[in-house]
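# Compute the structure for the input listed below.
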Amino acid sequence: MHLSSIQRIMGLLLIAFSLTLLPPILLSALYQDDALAHLLIAFAVMCGLGLSMWFPARHQRKELHLHDGFIIVAGFWTLLSLVGALPFLLGADLDLAQAVFESVSGFTTTGATVIVGIDGLPQSILYYRQQLQWLGGLGVIVLAVAVLPMLGIGGLQLYRAETPGPMRDDKLTPRLEHTAKALLFIYLFLTVACAFSYWLAGMSAFDAVSHSYSTVATGGFSTHDKSIGFYDNHVIEFICIFFMMLGSLNFAIHFNVGRRFDLRLYWQDVQTRVFIYIVTGLVLFSALLLWLYDHFSLLDSLRHASFGVVSIISSSGFGTESVADWPLLLPVLILCSGFIGGCVGSTTGGMRVARVILLYKQASREIMRLIHPNAVIAVKTSNQRVSDQVAQAVWGFAFLYMISYILLSFLFMLVAFDGTLTADQILIAFSGVAATLNMTGPALGEVSSTFKTINDAGLWVLSFTMLLGRLEIFTLLVLLTPAFWRR
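Residues are numbered from 1 along each chain as shown. As a prediction, this is how the structure comes out:
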């Protein structure tokens, strides 16, 4: 374990992150809002801390080992989420727990918020908040597609046989640097296209850019308290749905489609097809219930169901109507779709469609073994056999994911509430932890729009939950294992 090399890398990352405060600083000077001094202080603290970490270890360039990779990945997300809270702490009238929660929510692209009165925030803070999600989304893509597979825990490694083209080697290109550049180009292209589309549909230039950041990142932060519902515009909602769907797909597929100019590659990918089937089924079922119970007209039912389902399953969390107010089982059903999430290699949260497919195929195999005990039945994806090692890893991930959800829900109840628990508090606990672990943002009950009413202890638990979900459980839990530090 090379701690000095880790310190050097973390220092460089922190210095680079401090530079992302320059656009908000320029906006603050342009709009002459009240946040300029706060942003300058945050910039000085971030840059100074980064330099103090980097300078003593600037000559350390030893080759990093597997253990170092786990520390860097977990440390990267934790450190930047913490220092990213400074502008909120100084310029948004939040206490420490709330500021960290807002920062972690942005950086992990969760979209949950503790801020009430978003419309009244300074323009520079609004922009910083949206930019945080865009940077987090880019980090998610690089993490999921290029870094985690190298550590042996990435979702793409679990499902790489399904991905066509160069992804068979776990990376888009032979070198991580080239991989990151290719992903950045795709990410930038989608962001620019989304912003331009929003602007043509009627958003202001500021709102168009800001919402493009959180849409492509499937983050869900908005510059308005009413989110996308502020505009009440069918075209804007359609654009949002379209780019949330694109953000939910494997970016390796985007890479291959762009390189080969062949849109059929989307449909040839089993993971993409299953994701579209799931979304279509949920939308039709939700629209039918909304219409039958006279909640909306038939067309409006389809419109709101489409937006609500895509927003939650993509872990974006944008809103036009409050899903929590929909009839019967719909609020719980749509919230639970967040456990599925989008595709592996996307900016979404949840367990991801790839793992759900493999879990289904393994469960089907076990049923067939009961019927035919002597049969040799292989789990296959795209007519390729999935190794037992991959199958075990998927089961292990699913077990840890659900156990983490249950234990964190109980922990949240323990620290967030006093006295006898009410039914509403239990709903808040289980839905709030689900929304943060799956990074969907809004939950049910009192936290359907904001987590402002949750106490500081509860917010710390939810902040940890967001990091745990973003780092795909293993990366963070392995650091809490004593055996990791004994080596």
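# ok, residue 41 - contacts?
Neighbour list for residue 41: 86, 90 [criterion: CB atoms under 8 Å, 6 or more residues apart in numbering]. (Glycine included, C-beta is placed from N, CA and C.)
# any idea how far residue 469 is from it?
Separation of residue 41 from residue 469 (CB to CB, to the nearest Å) stands at 31 Å.
# Check which element follows the longest helix along the chain along the chain.
Identified as the longest helix of the chain according to DSSP state H is helix 388-416. Per DSSP states H and E, the first helix or strand lying C-terminal to helix 388-416 is helix 423-437.
# for that following helix, packing partners?
helix 330-337, helix 388-416, helix 456-470 (3 or more CB pairs under 8 Å, 6 or more residues apart in numbering; DSSP states H and E).
# in the longest one, what counts as buried?
Think helix 388-416. 390-391, 393-394, 397-398, 401, 404-405, 408-409, 411-413, 416 (16 or more other CB atoms under 10 Å).
# and that helix, average pLDDT?
The average pLDDT for helix 388-416 rounds to 90.
# repeat for the shortest one
Mean per-residue pLDDT for helix 330-337: 93.
# circling back to that earlier point, just name the closest of the buried residues of helix 388-416 to residue 7, please.
Lowest distance from residue 7 to the buried residues of helix 388-416 (CB to CB) belongs to residue 404, with 29.3 Å.
# Next one: that closest one from residue 395, what distance?
The gap separating residue 404 from residue 395 is 15 Å, by CB to CB.
# wait, what's in contact with residue 142?
179, 180, 183.
# Look at residue 292 and report its pLDDT.
For residue 292, pLDDT reads 92.
# my bad, should have said residue 115
92.
# Tell me the secondary structure of it, please.
coil (DSSP: H, G, I helix; E, B strand; the rest coil).
# That one and residue 106 touch, don't they?
No: Residue 115 lies out of contact with residue 106 (CB atoms under 8 Å); the separation is 10.9 Å.
# And those two? Which one has more around it.
residue 106 (33 against 21; other CB atoms under 10 Å).
# My reading is that the more buried one lies in a helix. Confirm?
Yes: Residue 106 sits within a helix when classified using three-state DSSP.
# quick one, what contacts it?
Neighbours of residue 106 in contact, by CB under 8 Å, 6+ apart: 84, 129, 132, 133, 136, 219, 221.
# can you check residue 6 too?
Contacts of residue 6 by CB under 8 Å, 6+ apart are 64, 68, 71, 72, 75.
# neighbour-wise, which of those residues leads?
Neighbour max across those (other CB under 10 Å) = residue 71, 20 neighbours.
# number of nearby residues for the closest residue to residue 416 other than its chain neighbours?
Spatial nearest neighbour of residue 416, chain neighbours left out: residue 458 (3.2 Å); criterion: CB to CB, 6 or more residues apart in numbering. Other residues within reach of residue 458, judged by other CB under 10 Å, total 25.
# Quick check: which element contains residue 42?
Per DSSP H and E: helix 36-54 holds residue 42.
# What residues of that helix count as buried?
Applying a neighbour-count criterion of 16+ other CB under 10 Å, the buried positions in helix 36-54 are 36, 38, 39, 42, 43, 46, 47, 49, 50, 51, 53, 54.
# didn't residue 308 look like it was pressed against residue 289?
No: assessed by CB under 8 Å, residue 308 is found out of contact with residue 289, at 11.7 Å.
# Stretch 121-141 - what's its average pLDDT?
The model assigns stretch 121-141 a mean pLDDT of 89.
# CA atoms only for it, dumped as PDB, please.
Provided in PDB are the C-alpha atoms of stretch 121-141 (Å, rounded to 0.1, in the frame of the first residue of the first chain):
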ATOM      1  CA  LEU A 121     -30.900  30.900  -4.400                       C
ATOM      2  CA  PRO A 122     -28.100  33.000  -6.000                       C
ATOM      3  CA  GLN A 123     -27.600  32.200  -9.700                       C
ATOM      4  CA  SER A 124     -24.000  31.100  -9.000                       C
ATOM      5  CA  ILE A 125     -25.000  28.600  -6.300                       C
ATOM      6  CA  LEU A 126     -27.700  27.300  -8.600                       C
ATOM      7  CA  TYR A 127     -25.200  26.800 -11.300                       C
ATOM      8  CA  TYR A 128     -22.700  25.200  -8.900                       C
ATOM      9  CA  ARG A 129     -25.400  22.800  -7.700                       C
ATOM     10  CA  GLN A 130     -26.200  21.700 -11.300                       C
ATOM     11  CA  GLN A 131     -22.500  21.500 -12.300                       C
ATOM     12  CA  LEU A 132     -21.800  19.200  -9.300                       C
ATOM     13  CA  GLN A 133     -24.200  16.600 -10.700                       C
ATOM     14  CA  TRP A 134     -22.700  16.900 -14.200                       C
ATOM     15  CA  LEU A 135     -19.200  16.300 -12.800                       C
ATOM     16  CA  GLY A 136     -20.500  13.400 -10.600                       C
ATOM     17  CA  GLY A 137     -22.200  11.900 -13.600                       C
ATOM     18  CA  LEU A 138     -18.900  12.000 -15.600                       C
ATOM     19  CA  GLY A 139     -17.100  10.400 -12.700                       C
ATOM     20  CA  VAL A 140     -19.700   7.700 -12.500                       C
ATOM     21  CA  ILE A 141     -19.200   6.800 -16.100                       C
END
